[in-house]
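Chemist: Have a look at this fold, sequence not included:
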């Protein structure tokens with residue numbers, strides 16, 4: 001009888017949708033992983049369906065309105081490069097890695113969003129230098145585990161080319177293999193962004209995006225070979241998941257251009273000086289914040305007029321209560337949802353224009369319920385049913401599943417453990 005305490009490896013493939021996975025089943029690395037794995041090929045992401053809110057929901061089991069990471073970046077309209085929600089301090093409540101650490105487990109995180117300055121044992125946080133007085137190495141060292149990062153950069157730094165892909169994932173992959181072999185963490189969280197970058201740059205069905213899936217297959221094969229060689233394969237709960245999907249885009253919407261025309265934003269040379277109303281892009285959706293409450297009705301009427309015009313690019317408008325009910329920021333006045341083919345930007349020069357060379361060809365951030373916009377969740381190992389098939393689940397269900405398998409609690413969550421994943425001796429109640 002196997003008495004080893006199981007370890008857990010969670011790999012997030014950013015922007016990989018269920019359609020990508022269904023096609024990738026023919027690739028050897030994916031085929032090998034899915035042999036015996038339980039899976040759900042219709043996972044609803046969070047709203048807005050972007051990376052930082054989604055990854056925080058995965059490790060908390062809560063929607064953005066409850067865990068506090070409601071966007072990738074902060075509202076800093078006067079900055080050319082706003083700060084992201086990089087640090088753990090912005091998360092309300094506990095996380096999977098916090099609870100694991102409390103139980104004496106060791107944790108490694110490689111480019112997992114919103115983990116900077118956390119207590120993670122070996123931490124290479126996702127963060128970049130966005131101020132002229134610092135650089136990437138110093139920024140990373142200050143926000144993660146210094147000596148661990150020093151060794152990784154010394155060994156594998158040659159693989160990187162800033163934050164460009166696929167070089168960044170080459171570096172992450174080499175660092176992951178080194179970490180698994182040298183430290184053997186109890187819980188490992190890894191974030192790969194190759195597919196997300198290629199879809200943004202070339203489109204969702206591009207050869208470049210598929211080439212990134214082929215690279216993921218090769219990485220998966222090497223990871224599985226390593227687990228076998230280290231005699232860890234049978235004792236590792238191996239999780240492969242996506243955070244959201246993407247849609248192709250060709251038109252950019254800039255609500256702030258209209259707000260500026262109305263006199264609700266003051267600025268020059270593309271920089272906001274002050275605002276009473278401001279649209280904060282989440283790609284396929286946008287928050288609208290209203291500082292002057294006297295403008296609530298005029299703003300709503302303007303948004304509804306745009307929604308009712310087919311050429312405006314706006315599909316739907318939601319008020320604060322509706323946004324909160326969908327798990328989005330309850331501080332916004334409204335949310336706008338883009339039609340397919342459109343996405344939002346914070347710019348204020350012109351309301352709408354076609355995208356140019358070098359700008360996004362693929363985007364996320366849309367309502368997660370839309371057709372052909374689902375992501376996936378797959379898991380295998382100790383305590384997991386073999387070949388389970390879950391018809392549908394939510395991203396917030398993943399945290400409770402992982403917590404149950406690790407024998408820890410996330411406290412009050414929005415998600416629950418779906419039937420058909422855990423072995424029957426495990427509890428399937430809300431964690």
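Modeler: Thanks, I have the structure now. Note that this is a predicted model, so its numbers are computed, not measured.
Chemist: So which elements touch the longest helix along the chain?
Modeler: The residue-count maximum for a helix in the chain (DSSP state H) belongs to helix 207-229. With contacts taken as 3 or more CB pairs under 8 Å, 6 or more residues apart in numbering; DSSP states H and E, helix 207-229 sits against strand 7-13, helix 18-24, helix 28-34, helix 167-182, helix 194-202, strand 236-241. Where C-beta positions appear, they are placed from N, C-alpha and C, glycine not excepted.
Chemist: Specify the stretch among those that is closest to residue 260.
Modeler: With respect to residue 260, and counting by CB to CB, the nearest of the helices and strands packed on helix 207-229 is helix 194-202 at 26.7 Å.
Chemist: what ranges do the helices span in the stretch 1-150 of the chain?
Modeler: 18-24, 28-34, 51-60, 64-67, 96-102, 136-143, 146-156 (DSSP state H, counting those that start in this stretch).
Chemist: do you know which of these lies nearest residue 267?
Modeler: That would be helix 51-60 among the helices of the stretch 1-150 of the chain, by CB to CB, at 26.1 Å.
Chemist: name the helices or strands packed onto that closest one?
Modeler: So helix 51-60, by 3+ CB pairs under 8 Å, 6+ apart, packs with strand 7-13, helix 64-67, helix 96-102, helix 398-406.
Chemist: Can you give the distance of that helix from its chain's centre?
Modeler: Relative to its chain's centre, helix 51-60 lies at 6 Å (CA atoms, centre = their mean, to the nearest Å).
Chemist: and the angle from it to helix 194-202?
Modeler: 160 degrees (axes from the mean of the first three to the mean of the last three CA atoms, to 10 degrees).
Chemist: how deep is the closest residue to residue 384 other than its chain neighbours tucked in, by neighbour count?
Modeler: Of all residues not flanking residue 384 in the chain, residue 38 sits nearest, at 5.7 Å (CB to CB, 6 or more residues apart in numbering). Residue 38: 22 surrounding residues under other CB atoms under 10 Å.
Chemist: List the contacts of residue 38.
Modeler: 378-380, 384-390, 420-421 (CB atoms under 8 Å, 6 or more residues apart in numbering).
Chemist: same question, residue 307
Modeler: Residue 307 neighbours (CB under 8 Å, 6+ apart): 314-317, 336.
Chemist: Relative to residue 416, which of those residues is nearest.
Modeler: For the contacts of residue 307, the nearest to residue 416 is residue 316 (27.8 Å; CB to CB).
Chemist: which element is the closest one on?
Modeler: strand 314-319 (DSSP states H and E).
Chemist: Could you measure from the closest residue to residue 424 other than its chain neighbours over to residue 402?
Modeler: Using CB to CB, 6+ apart and skipping residues adjacent in sequence, the residue nearest residue 424 is residue 385, 7.9 Å away. For residue 385, the distance to residue 402 equals 15 Å [CB to CB, to the nearest Å].
Chemist: And the two? Which one has more around it.
Modeler: residue 402 (26 against 19).
Chemist: pretty sure that one is touching residue 97, no?
Modeler: No. Using CB atoms under 8 Å, residue 402 is not in contact with residue 97, being 10.2 Å away.
Chemist: anything in contact with each of those two?
Modeler: Common neighbours of residue 402 and residue 97 (CB under 8 Å, 6+ apart) are residue 59.
Chemist: that older thread, name only those of the contacts of residue 307 that count as buried.
Modeler: Buried residues within these, counting neighbours by 16 or more other CB atoms under 10 Å: 314-315, 317, 336.
Chemist: Adding pLDDT, write those residues out as a markdown table.
Modeler: Putting the buried ones among the contacts of residue 307 into a markdown table (pLDDT from 0 to 100) gives the following:
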| residue | pLDDT |
| --- | --- |
| 314 | 98 |
| 315 | 97 |
| 317 | 98 |
| 336 | 98 |
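Chemist: which among these gets closest to residue 285?
Modeler: Nearest to residue 285 among the buried ones among the contacts of residue 307, with distances taken as CB to CB, is residue 336, at 6.6 Å.
Chemist: Let me see the contact set for the residue nearest to that closest one when sequence neighbours are not counted.
Modeler: Spatial nearest neighbour of residue 336, excluding adjacent residues (CB to CB, 6+ apart): residue 286 at 4.8 Å. By CB under 8 Å, 6+ apart, the contact set of residue 286 is 253, 255, 279-280, 335-336, 338, 344.
Chemist: and if we set it to 10 Å?
Modeler: With contact set as CB atoms under 10 Å, 6 or more residues apart in numbering, residue 286 has these partners: 48, 253-256, 278-280, 303, 314, 332, 334-338, 343-346, 365.
Chemist: just checking, which of these belong to strands?
Modeler: 253, 278-280, 314, 334-338, 343-344 (DSSP state E).
Chemist: Show me which of those residues are buried.
Modeler: 253, 278-280, 314, 334-338, 343-344.
Chemist: Turn those into TSV, including distance to residue 81.
Modeler: Shown next, in TSV, are those (distance: CB to CB, whole Å):
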residue	distance to residue 81
253	21
278	17
279	18
280	15
314	27
334	26
335	24
336	24
337	26
338	23
343	19
344	18
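Chemist: Pick the one among these closest to residue 61.
Modeler: Closest to residue 61, out of all of these and judged by CB to CB, is residue 335, at 23.0 Å.
Chemist: Work out the sheet partners of the strand holding residue 316 and label each with its direction, please.
Modeler: When pairing is defined by DSSP bridges, strand 314-319 lines up against strand 334-338 (antiparallel).
Chemist: What ranges in this protein fall below the confidence cut-off?
Modeler: 1-3, 425-431 (pLDDT under 70).
Chemist: Mind telling me which residue is nearest the centre of it?
Modeler: The chain has residue 51 as the residue nearest its centroid, 2.4 Å off, counting by CA atoms, centre = their mean.
Chemist: before we move on, back to that, so which of the buried ones among the contacts of residue 307 comes closest to residue 60?
Modeler: Distances from residue 60 to the buried ones among the contacts of residue 307, taken by CB to CB, are shortest for residue 336, at 26.4 Å.
Chemist: For that closest one, give me its contacts.
Modeler: Applying CB under 10 Å, 6+ apart, the residues contacting residue 336 are 253, 255, 279, 281-282, 284-288, 303, 306-307, 312-318, 344.
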